[in-house]
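Asker: fold the following.
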Amino acid sequence: MARPAPVSATHPAADAFVGALEQTQGALGEDHVSVAACLYDAPLRHADPGPFIGQSWWGHRAVSPVYPASVVKLFYLNALAGFHDEGLLDREPEDYRAAADMIRTSSNEATVYLVGRLTGADDGAPLYGQALEDWCARRARVQNWYTAQNRSELAGINVLHGTYQDSPYGRAFQARRDGNGNLLTALAGAALMHDIARGASPRSGWMMDLLSRDFQRNASGIDPEGDQVRGFLVEGLPAEVRTWSKAGHTSWTRHDLVYAELPDGRSFTLCVMTDGTWPAGDRTFLPEFARRFYGHAFGRAAD
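Answerer: Numbers count the residues shown, from 1 in each chain. Predicted structure coming up:
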């Protein structure tokens, strides 16, 4: 499957990328950052321009697979909506409660529940031989669903596992051996967020409601574990810019994926993924990237 390349030679994200990297004074190298970005003249929610790869977008290492941390939860949310829409999974009220917690506060427990629901391969004690092979085959159901779509922008992704506070155990741990962990690209993340915002995915409106960051931007006392504003792209954007996002971080990654709309109707999708111990612990690079991107794209500085 051919992988698309960015069609924009210059882009505000390129200027933001260079400037934000310089701010780290060498602590973060360009080979540890992946970016995909696209600007629109109108809100995607009201004016569908077509698929992401048909737009003039910019990327850096945009097709390089990276461990996605909690950004993978967006792919499980989209799969849940798709499975329900296609009749592949019976609708259960508990699915919607789990989906809300998975996206709004990035609950790992909710994610593990939904991975089991989507695949029929629940976590449990170790398995061996054919039993483990059969379980792993079922566990690949979501990944196979994305693969069957045959979309070039999704090349290189691996959507197989739940997310855990410390480590998976039992059969879930066995399935992640030999480097078989979750993987996403910045392009895949941006393309999916773009599709949800433009209404191309089933139940897009429901997903957008869950992805809204308004409740965390306007609140105090947010649990740091579920905070997807401070230390991420959304923090660097002005208060009047509406944001829908899914962030993720581990001890070696820090990512954010945002769709945003300005009051004048212009909008953008921006995915920035970083890997390494320095960016994982840093809380300044992603907000700085967003501030610079906003300034270069719209000719004004973010507050």
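Asker: can you tell me the SS state at the spatially most central residue of the chain?
Answerer: Centroid-nearest residue in the chain: Val71, 3.4 Å away (criterion: C-alpha atoms, centre = their mean). What DSSP: H, G, I helix; E, B strand; the rest coil gives for Val71 is helix.
Asker: okay but it is in contact with His249, surely?
Answerer: No. Look at Val71 against His249 with C-beta atoms under 8 Å: they stay out of range, at 9.6 Å. C-beta here means a position set from N, CA and C on the backbone, and glycine is covered the same way.
Asker: list the contacts of Pro279.
Answerer: Shown in contact with Pro279 (C-beta atoms under 8 Å, 6 or more residues apart in numbering): 28, 32-33, 253-254, 285.
Asker: tell me which of the residues you listed fall in strands.
Answerer: In strands, judged by DSSP state E, the following of these are found: 33, 253-254.
Asker: sorry, back to before: who touches the residue nearest to the centre of the chain in this structure?
Answerer: 184, 189, 246-248, 255-257, 273.
Asker: again, only this time at 6 Å
Answerer: Neighbouring residues of Val71 by C-beta atoms under 6 Å, 6 or more residues apart in numbering: 189, 246, 248, 255, 257.
Asker: other residues contacting the host helix or strand of the last one?
Answerer: Think Leu257. Here Leu257 sits within strand 253-261, counting by DSSP states H and E. Outside strand 253-261, the residues that touch it by C-beta under 6 Å, 6+ apart are 43, 67, 69, 71, 189, 193, 197, 232-233, 241-248, 267-275, 279-280, 286.
Asker: can you give me the strands in the stretch 1-150 of the chain?
Answerer: Applying DSSP state E, counting those that start in this stretch to the stretch 1-150 of the chain gives strands spanning 33-40, 57-60.
Asker: thinking again about what came up before, now flag whichever of the contacts of Pro279 is closest to Thr105.
Answerer: Thr105 has its nearest neighbour among these in Arg254, at 17.4 Å by C-beta to C-beta.
Asker: can you classify Trp278 as helix, strand or coil?
Answerer: helix.
Asker: count the neighbours of Asp15 for me.
Answerer: Asp15 has 16 neighbouring residues, counting by other C-beta atoms under 10 Å.
Asker: how near is it to Met102?
Answerer: 34 Å (C-beta to C-beta, to the nearest Å).
Asker: Gly129 now?
Answerer: 32 Å.
Asker: again with Asn150
Answerer: Where Met102 is concerned, Asn150 sits at a distance of 27 Å (C-beta to C-beta).
Asker: and these two? which has more neighbours close in?
Answerer: Met102 (27 against 9).
Asker: and the spatially closest residue to the more buried one that is not a sequence neighbour, how many neighbours?
Answerer: Take Met102 and drop its neighbours on the chain: the residue closest to it by C-beta to C-beta, 6 or more residues apart in numbering is Ala110, 4.1 Å away. Using other C-beta under 10 Å, Ala110 has 24 other residues around it.
Asker: same question for Gly82.
Answerer: Neighbour tally, Gly82, other C-beta under 10 Å: 19.
Asker: pLDDT score assigned to it?
Answerer: Gly82 carries a pLDDT value of 99.
Asker: list the contacts of it.
Answerer: Taking C-beta under 6 Å, 6+ apart, we find Gly82 in contact with Pro202.
Asker: hmm, the residue nearest to Met102 is touching Ala99, no?
Answerer: No. Distance between Ala110 and Ala99: 7.3 Å, which falls outside the contact criterion (C-beta atoms under 6 Å).
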